[in-house]
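Enquirer: Got a sequence here, can you model it:
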Amino acid sequence: MNNILLSINITLMYSAPLILAALGGIISERSGVVNIGLEGMMTIGALVGAVIAYYTQNPWLGFICAGLAGCALAFLHAIASIKFKADQTISGLAMNFIGPGLSLFICKALFGGTNTSPTVTNKIPKILSWMQNPNKNIWTSNLNVDSTILIALLLTFAMWYFLYKTKLGLRVISVGENPKAAATLGINVHKVRYFCVLASGFLAGIGGASCSLAIISVFSPTVISGKGFIALAAVIFGKWTPQGALGACLLFGFAQSLVVLLGGNESIIPSQFLSMLPYILTIIVLVLFVGKSVGPKASGEPF
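Expert: Presented below is the predicted three-dimensional model:
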């Protein structure tokens with residue numbers, strides 16, 4: 001029972017940043033702008049979150065500032081993709097170079113040339129730390145997950161409701177499917193796309209902060225290590241829907257939990273092979289499902 005609860009804990013913990021970044025990818029692509037720069041936005045968010053939380057001793061302030069940092073990087077992508085109609089894939093790749101490079105430069109400038117930030121003593125609290133629970137049992141004492149997964153689940157529902165149940169969400173979908181027809185109905189395509197790309201950056205930024213403020217307590221160059229690309233795979237696997245991406249991220253999070261649980265000292269499987277498991281699963285998912293998934297028709301097309 002303890003191993004099952006531990007596996008659930010680890011799965012949810014590693015799923016949270018993937019869910020947040022995947023939601024960012026969905027909202028951007030639903031508006032017609034491909035955002036493969038999630039990795040870079042997550043990285044800058046992880047740094048800013050750790051730095052702000054370290055200096056202010058307030059992890060929630062760091063969490064919000066991380067989203068704003070991701071939003072700032074997304075603004076560059078939006079200008080290139082929407083205003084100047086640059087190739088969205090190339091612009092996204094540029095964000096993946098700018099984000100880690102700028103993060104490493106800032107970290108070295110602030111902390112005496114080191115690649116890692118100081119340890120954040122006040123991490124984002126666990127869910128149960130909010131509650132008074134004098135009669136703990138095996139479930140409440142062991143199934144105690146980070147608050148970031150609760151935020152990720154709430155935002156998943158909020159995005160589903162926004163896209164499919166609100167007028168603005170339906171406009172976003174129409175812009176991603178046929179921007180010319182949307183424009184003839186009086187929808188400002190550029191404004192919708194700017195809003196969605198900036199929201200994408202904010203979500204990716206807090207996804208990065210959930211790594212540096214919940215999973216670990218520092219920023220390092222490897223704190224993201226491909227999670228942005230795994231989130232992109234979740235977007236495709238989930239068929240550009242919030243609920244589908246949620247399921248895909250939970251699957252990838254479970255793969256990471258297997259790495260942790262099977263990677264003990266007594267494991268007969270080399271740790272290097274175990275570490276490859278989430279990325280191998282990502283490749284398998286893309287090979288099996290990328291041809292079957294159909295994204296928004298105008299995704300990647302400038303307007």
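Enquirer: and stretch 177-189, how far out from the chain's middle?
Expert: 29 Å (Cα atoms, centre = their mean, to the nearest Å).
Enquirer: Please save the CA atoms from that stretch in CSV.
Expert: What follows is stretch 177-189, C-alpha atoms only, in CSV (Å, rounded to 0.1, in the frame of the first residue of the first chain):
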residue,chain,number,x,y,z
GLU,A,177,-9.5,26.9,-37.4
ASN,A,178,-10.3,29.7,-39.9
PRO,A,179,-8.9,33.2,-39.1
LYS,A,180,-10.2,34.7,-42.3
ALA,A,181,-13.7,33.7,-41.6
ALA,A,182,-13.3,34.8,-38.0
ALA,A,183,-12.1,38.2,-39.2
THR,A,184,-15.2,38.7,-41.4
LEU,A,185,-17.3,38.2,-38.3
GLY,A,186,-15.5,41.2,-36.6
ILE,A,187,-13.1,39.1,-34.5
ASN,A,188,-9.7,40.8,-34.0
VAL,A,189,-7.5,37.8,-34.9
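Enquirer: which residue sits closest to Ser174, ignoring its sequence neighbours?
Expert: Ala182 (4.5 Å; Cβ to Cβ, 6 or more residues apart in numbering). C-beta: built from backbone N, CA, C; applies to glycine.
Enquirer: And Gly300, by the same measure?
Expert: Ranked by Cβ to Cβ, 6+ apart and with sequence neighbours excluded, the top spatial neighbour of Gly300 is Val34, at 4.6 Å.
Enquirer: Is that neighbour in a helix, a strand, or coil?
Expert: In terms of secondary structure, Val34 is coil; the call rests on DSSP: H, G, I helix; E, B strand; the rest coil.
Enquirer: got the residue ranges for the helices in the stretch 51-200 of the chain?
Expert: If DSSP state H, counting those that start in this stretch is used as the criterion, the helices of the stretch 51-200 of the chain fall at 59-78, 88-110, 138-142, 147-165, 167-177, 179-184, 189-210.
Enquirer: any idea which of these is most buried?
Expert: helix 189-210 (a mean of 27; mean count of other Cβ atoms under 10 Å).
Enquirer: That helix: what's the following helix or strand?
Expert: Note on helix 189-210: by DSSP states H and E, the next helix or strand toward the C-terminus is helix 227-237.
Enquirer: Now do whatever helix or strand comes next after that next one: distance to the chain's middle.
Expert: Elements were assigned by DSSP H and E; along the chain past helix 227-237, the next helix or strand is helix 242-262. The chain centroid and the centroid of helix 242-262 are separated by 13 Å under Cα atoms, centre = their mean.
Enquirer: With stretch 181-192 instead?
Expert: 28 Å.
Enquirer: for stretch 233-244, same thing?
Expert: Stretch 233-244 has its C-alpha centroid displaced from the chain centroid by 13 Å (Cα atoms, centre = their mean).
Enquirer: OK, contacts around Cys71?
Expert: By Cβ atoms under 8 Å, 6 or more residues apart in numbering, the contact set of Cys71 is 198, 201-202, 205.
Enquirer: My read is that Gly201 contacts Gly92, right?
Expert: No: contact status for Gly201 versus Gly92: not in contact, 11.3 Å apart, counting by Cβ atoms under 8 Å.
Enquirer: any residues in contact with both of the two?
Expert: With contacts defined as Cβ under 8 Å, 6+ apart, the residues adjacent to both Gly201 and Gly92 are His77.
Enquirer: Alpha carbons of stretch 194-203, as PDB, please.
Expert: Taking only C-alpha atoms (Å, rounded to 0.1, in the frame of the first residue of the first chain), the coordinates of stretch 194-203 have been written out as PDB:
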ATOM      1  CA  TYR A 194      -1.600  37.800 -28.700                       C
ATOM      2  CA  PHE A 195      -3.700  37.000 -25.700                       C
ATOM      3  CA  CYS A 196      -3.300  33.300 -26.200                       C
ATOM      4  CA  VAL A 197       0.400  33.300 -26.700                       C
ATOM      5  CA  LEU A 198       0.900  35.500 -23.600                       C
ATOM      6  CA  ALA A 199      -1.300  33.100 -21.600                       C
ATOM      7  CA  SER A 200       0.800  30.200 -23.000                       C
ATOM      8  CA  GLY A 201       3.900  31.800 -21.700                       C
ATOM      9  CA  PHE A 202       2.400  32.500 -18.300                       C
ATOM     10  CA  LEU A 203       1.300  28.800 -17.900                       C
END
